[in-house]
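# Provided below are the primary sequence and the corresponding predicted coordinates.
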Amino acid sequence: MVRADIPAGYMIAQAMHAAIDICMKNNELMQEWWTTSNTVVVMQVADEQAVLDLAQKAKEKDVHAVVFHEPAMNGQ
């Protein structure tokens, strides 16, 4: 999920950082994904709070997720 309230360049950068982060933290899971699915979907949500809410829901359902905070945006 990316935030709709930030410029496209930041959206792309944050999505890339999050993708790399989850790959580095879950190598075995990513290998399975690579060989069985290899599907990537990027969707927008309204703002940072919506991202945090979805991340919490993912955690509650034991779904792997990461939230990236952009230092160039004061940690948003």
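Thanks, I have it.
# show me the contacts for the closest residue in space to Ala58 that isn't next to it in sequence.
Nearest non-adjacent residue to Ala58, counting by CB to CB, 6 or more residues apart in numbering: Ala65, 3.9 Å away. For glycine as for every other residue, the C-beta is placed from the backbone atoms N, C-alpha and C. With contact taken as CB atoms under 8 Å, 6 or more residues apart in numbering, Ala65 is in contact with Ile22, Leu54, Ala55, Ala58, Lys59.
# and these, which are buried?
Ile22, Leu54 (16 or more other CB atoms under 10 Å).
# Taking the contacts of Ala65 together, which two end up most distant?
Ile22 and Leu54 (14.3 Å; CB to CB).
# dump the residue contacts of Val2.
Met11, Gln14, Ala15, Val42, Met43, Gln44, Val45, Val51.
# Can you report how many residues lie near the nearest residue to it once chain neighbours are set aside?
Distances taken as CB to CB, 6+ apart place Met11 nearest to Val2, at 4.2 Å, with adjacent residues excluded. Counted with other CB atoms under 10 Å, the neighbours of Met11 add up to 16.
# From the centroid of this structure, which residue is nearest?
Ala18 (4.4 Å; CA atoms, centre = their mean).
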